[in-house]
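A.B. asks: Based on what follows, work out the 3D shape:
(one chain, ligands or ions: 2)
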Amino acid sequence: MYSEKVMDHFMNPRNQGEITEADGVGEVGNPTCGDIMRIFLTVKDNIITEVKFQTFGCGAAVASSSMATEMIKGKTLEEAWEVSNKAVAEALEGLPAIKMHCSVLAEEGIHKAINDYRIKHGLEPWVEKNPH
Ligand code: FES
Ligand code: FES
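C.D. replies: Residues are numbered from 1 along each chain as shown. Ligands and ions are numbered 1, 2, ... in the order given. This is a model prediction of the structure:
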């Protein structure tokens, strides 16, 4: 049921772990299944120089976080904010329809981590354009 890309990122997740002194941290839960994802960011001059994730969830959630962290590393905060769960799912060569919700965790986790960074720096949090 999963693409080769999903299996690859599930079996060999990229950027898994924790940044102890992260500049921004986002924790989100999936209300349908109770699974949890955390995203940690290091930000220098508005660029995401380091990103790690911890996901306690299904294979699609692990693969989505792994792919999403690869997609935002080296990006500006504005560019990272635009990375949608659909783009993550496409980069994974598709997710089964019933697993699309799992990829939403990655988008929301990144958004929360970016806003955590912004709030810590006295900036207005950005608003979700397409709330899930
Ligand atoms: Fe919970 Fe996928 S089933 S995140
Ligand atoms: Fe399922 Fe947005 S993709 S709520």
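A.B. asks: Relative to Ser103, how far out is the closest residue to Gln16 other than its chain neighbours?
C.D. replies: For Gln16, ignoring the flanking residues on the chain, the nearest one in space by CB to CB, 6 or more residues apart in numbering is Phe53 at 6.2 Å. (Glycine included, C-beta is placed from N, CA and C.) Distance, Phe53 to Ser103, using CB to CB, to the nearest Å: 13 Å.
A.B. asks: okay, and for this protein, where does confidence drop off?
C.D. replies: The chain contains residues with pLDDT under 70 at 132.
A.B. asks: one step back: between Phe53 and Ser103, which contacts overlap?
C.D. replies: Ala68 (CB atoms under 8 Å, 6 or more residues apart in numbering).
A.B. asks: Which parts of this structure are helices?
C.D. replies: 4-11, 59-72, 77-81, 85-91, 100-120 (DSSP state H).
A.B. asks: In the beta-sheet assignment, what are the partners of the residue nearest to Gln16?
C.D. replies: The partner list for Phe53 in beta bridges (DSSP bridges) reads Gln16, Ile39.
A.B. asks: Hmm, Phe40 and it touching each other?
C.D. replies: Yes: assessed by CB atoms under 8 Å, Phe53 is found in contact with Phe40 at 7.2 Å.
A.B. asks: out of those two, which sits in the more crowded spot?
C.D. replies: With neighbours defined as other CB atoms under 10 Å, Phe53 and Phe40 compare such that Phe53 has more, 28 against 25.
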